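Asks: Predicted structure and sequence below. I'll ask about it afterward.
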Amino acid sequence: MKRLFFALWPSDATREKIIEFDDLLTDPRLKKVATKNLHVTLVFLGLLDEKQEQNIIKAANNIAASSINMRFDQLTLWQQKRGILCLTSTSQPKSLLTLVKQLQDSVSEQGIELEQRPYTAHITLARNLKQHPEINVEAIPWHSDKFVLVHSVSTDHGVDYQIIDSWPLATN
């Protein structure tokens, strides 16, 4: 069984901008996300066996969606989830929401149950935060011309995200 999710993976330049912002978070109690793991989750799949994984990959081959351009321009603290600090966006583009809906529908058609909460694009930066930090966010542009299937692997040194496959998004 593998713990899988669909995601948008940042370009190297975008990752560097996120890291620059992340470096402003200096509270030693924070459990920061490893910079190599920064991403935007599209659909969390959970634990899947090999047959389910192959079916999900086949279903993803049929996704037809446009490339995504957005800006992460606000810092959000989700207290109900162990104090998760995220970069979020005041505006989620239609192309993003269309891709998420297509993926959710494809996954549901495979008999896989998904979380039933509204989708919010976010980049998780850290956990274990009790209070919202007073830091100004300079908007970070994000462009995606593909989406990926990721395997979340637990190791002795934390979680490691490994890309299994990727699919192109049409240029707008």
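Replies: That came through fine.

Asks: now this protein, which segments are flagged as low pLDDT?
Replies: Residue ranges of the chain with pLDDT under 70: 80-81, 172.

Asks: switch the cut-off to 90
Replies: Where the chain drops to pLDDT under 90, the residues are 25-30, 78-83, 115-117, 127-136, 155-158, 171-172.

Asks: the strands in it, which residues?
Replies: 2-8, 31-32, 40-48, 68-72, 74-78, 84-88, 122-127, 140-144, 146-155, 158-168 (DSSP state E).

Asks: now those strands in a markdown table, with mean neighbour count?
Replies: The C-beta positions use only the backbone N, C-alpha and C, and glycine is treated the same way. Shown next, in a markdown table, are these (neighbours: other C-beta atoms under 10 Å):
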| stretch | mean neighbour count |
| --- | --- |
| strand 2-8 | 21 |
| strand 31-32 | 14 |
| strand 40-48 | 19 |
| strand 68-72 | 20 |
| strand 74-78 | 16 |
| strand 84-88 | 21 |
| strand 122-127 | 19 |
| strand 140-144 | 19 |
| strand 146-155 | 17 |
| strand 158-168 | 14 |
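
Asks: Let's have these in JSON lines, adding distance to Ile57.
Replies: Below are the strands of the chain laid out as JSON lines (distance: least, C-beta to C-beta, whole Å):
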{"stretch": "strand 2-8", "distance to Ile57": "10"}
{"stretch": "strand 31-32", "distance to Ile57": "31"}
{"stretch": "strand 40-48", "distance to Ile57": "10"}
{"stretch": "strand 68-72", "distance to Ile57": "21"}
{"stretch": "strand 74-78", "distance to Ile57": "30"}
{"stretch": "strand 84-88", "distance to Ile57": "28"}
{"stretch": "strand 122-127", "distance to Ile57": "25"}
{"stretch": "strand 140-144", "distance to Ile57": "19"}
{"stretch": "strand 146-155", "distance to Ile57": "7"}
{"stretch": "strand 158-168", "distance to Ile57": "6"}
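
Asks: Relative to Val100, which of the ones you listed is closest?
Replies: Between Val100 and those, the shortest gap by C-beta to C-beta is with strand 40-48, which sits at 5.4 Å.

Asks: about what we covered before: and of the strands of the chain, who's closest to Asn62?
Replies: Among the strands of the chain, strand 158-168 comes nearest to Asn62, with 9.6 Å by C-beta to C-beta.
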